[in-house]
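J.: Show me the folded form of this:
(one chain, ligands or ions: 2)
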Amino acid sequence: MGGYYGGRLAQQGHEVSLIARGEHLQALTEDGLTVESVHGDFYVHPFATDDPSEIDPVDVVLFCVKSFDTESAAVGLDELLDDGGAVLSLQNGVDNEEMLADIVGTDRVWGGVTYIFSTIKESGVIEHTGGPAKILFGHYHDLGDEPPERSTLAETFLEACEAADGMTADYTPAVHATLWDKFALICAQAGLTASTRQPLGRVRETDESWGLYRQVMEEVVAVAHAEGVRFDWDPVGKWMDAMGEGSGGQYSSLHYDLTHGKRMELEALHGSVVRRAREVNVPVPANRAIYAMLLPQQADSSF
Ligand SMILES: NC(=O)C1=CN([C@@H]2O[C@H](COP(=O)(O)OP(=O)(O)OC[C@H]3O[C@@H](n4cnc5c(N)ncnc54)[C@H](O)[C@@H]3O)[C@@H](O)[C@H]2O)C=CC1
Ligand SMILES: CC(C)(CO)C(=O)C(=O)O
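T.: Ligands and ions are numbered 1, 2, ... in the order given. Now for the predicted structure:
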């Protein structure tokens with residue numbers, strides 16, 4: 001995801017540095033970044049490093065690591081941000097912004113969600129196979145507090161995203177509701193496509209499975225309500241309508257990780273639902289079952 005959005009902004013002429021590691025970093029440094037996208041292929045060659053201290057302080061950091069890497073990848077983040085700079089988490093889950101706020105301060109964190117299917121096809125090559133490639137973000141703040149005014153930097157970033165090819169963006173003051181709205185979707189989409197190993201279309205045409213898809217979302221939204229998150233819309237109805245039509249070929253990043261022997265973000269998804277539900281005394285049997293079924297299949301399992 002970082003390669004896709006960073007690449008798109010670099011393609012637009014913005015000064016972008018990529019932070020990566022291993023063979024991917026080596027390919028980015030030597031050969032540049034190739035993006036194969038349903039919105040149009042492109043190639044850019046921005047500076048790439050695994051050491052944030054090699055980059056002069058920046059306006060915006062797009063934080064695009066898996067949730068289990070949030071803490072380790074945030075080392076050096078404070079120094080990487082310019083005074084007044086912001087870090088935008090595009091990660092799935094509802095725990096990341098809080099962790100970043102503890103490290104750099106709440107007022108320097110933007111919460112965000114994105115709708116895209118993209119993966120590292122091979123070192124130095126990103127494949128974007130679907131999704132609108134849209135970012136929805138807003139200033140993070142404590143739940144219950146009034147959202148801050150939209151900053152000039154947020155305006156500038158929004159304009160940059162809107163002007164870039166192959167992506168779009170929008171700003172929202174309802175950052176908590178937005179994070180939980182996406183959380184509900186991803187728990188259902190990831191949970192059902194990974195545990196059945198079937199694409200959305202197969203889940204949809206199987207009444208029992210489609211019913212479970214809805215139940216997973218209803219449980220997540222119930223936990224959100226119990227924590228005090230308020231929605232001006234009906235997330236479950238919205239997603240059942242949206243996912244109930246269109247391409248049936250979609251899976252999820254969790255399914256990709258499961259089927260490619262990569263570590264899954266289970267703790268940030270269904271694990272987080274289960275733990276939070278326990279705190280607020282909300283039953284979440286569907287999320288618990290998915291968590292329990294996928295846990296033993298975790299790639300780093302010691303069993
Ligand atoms: N891939 C997708 O289509 C979507 C992903 N997401 C979310 O976005 C987040 C990122 O997902 P992906 O881009 O798929 O993950 P990914 O695993 O493909 O990419 C993350 C990259 O960060 C690198 N990395 C981790 N820690 C690092 C460090 N300290 N220094 C340098 N590099 C480091 C990893 O080696 C990896 O190459 C996840 O929370 C995921 O759920 C959300 C929507 C769609
Ligand atoms: C919603 C979805 C399925 C695609 O954007 C996603 O976030 C993921 O696969 O991680």
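J.: right, and residue 134 touches residue 115 too?
T.: Yes - counting by CB atoms under 8 Å, residue 134 touches residue 115, with 5.1 Å between them. (Glycine included, C-beta is placed from N, CA and C.)
J.: Could you report the neighbour count for the closest residue to ligand 2 within the stretch 201-303 of the chain?
T.: Closest to ligand 2 within the stretch 201-303 of the chain is residue 253: 3.4 Å, counting by CB to the nearest ligand atom. Neighbour count of residue 253, defined by other CB atoms under 10 Å: 23.
J.: before we move on, what about the one 10 residues further on?
T.: By the other CB under 10 Å criterion, the neighbourhood of residue 263 contains 14 residues.
J.: and it, what pLDDT?
T.: Among the per-residue scores, residue 263 shows a pLDDT of 95.
J.: residue contacts, it?
T.: 66, 68, 257, 298-300 (CB atoms under 8 Å, 6 or more residues apart in numbering).
J.: Just give me the closest of those residues to ligand 1.
T.: The shortest gap between ligand 1 and any of the contacts of residue 263 belongs to residue 66, at 5.0 Å (CB to the nearest ligand atom).
J.: okay, now the closest one: neighbour count?
T.: 17.
J.: which residue packs closest to the most centrally placed residue in the chain, ignoring adjacent ones?
T.: The residue lying closest to the centre of the chain (CA atoms, centre = their mean) is residue 91, at 2.7 Å. Of all residues not flanking residue 91 in the chain, residue 67 sits nearest, at 5.4 Å (CB to CB, 6 or more residues apart in numbering).
J.: Next, count neighbours for that neighbour.
T.: 21.
J.: Could you verify my assumption that it touches residue 265?
T.: Yes - in this structure residue 67 lies within contact range of residue 265 using CB under 8 Å: 5.0 Å.
J.: For the helix or strand that contains residue 192, list every residue counted as buried.
T.: Assessed by DSSP states H and E, residue 192 sits inside helix 175-196. By neighbour count with 16 or more other CB atoms under 10 Å, helix 175-196 contains the buried residues 175-195.
J.: One more: stretch 158-172?
T.: Neighbour counts using 16+ other CB under 10 Å place 158, 160-161, 164, 166-167, 169, 171-172 of stretch 158-172 among the buried residues.
J.: same deal with stretch 7-22?
T.: 7-12, 14, 16-20.
J.: quick check, that stretch touching ligand 1?
T.: Yes - applying CB under 6 Å from any ligand atom, one finds stretch 7-22 in contact with ligand 1 at 19-21.
J.: could you redo the contacts of residue 263 as a markdown table and give each row secondary structure, distance to ligand 1 and pLDDT?
T.: Shown next, in a markdown table, are those (DSSP: H, G, I helix; E, B strand; the rest coil; distance: CB to the nearest ligand atom, whole Å; pLDDT from 0 to 100):
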| residue | secondary structure | distance to ligand 1 | pLDDT |
| --- | --- | --- | --- |
| 66 | coil | 5 | 96 |
| 68 | helix | 9 | 95 |
| 257 | helix | 8 | 95 |
| 298 | coil | 15 | 90 |
| 299 | coil | 12 | 81 |
| 300 | coil | 14 | 70 |
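J.: quick one: contacts for the residue of the stretch 201-303 of the chain found nearest ligand 1?
T.: Relative to ligand 1, the nearest point of the stretch 201-303 of the chain is residue 253 (4.3 Å; CB to the nearest ligand atom). Each residue near residue 253 by CB under 8 Å, 6+ apart is listed here: 92, 117, 119, 190, 265.
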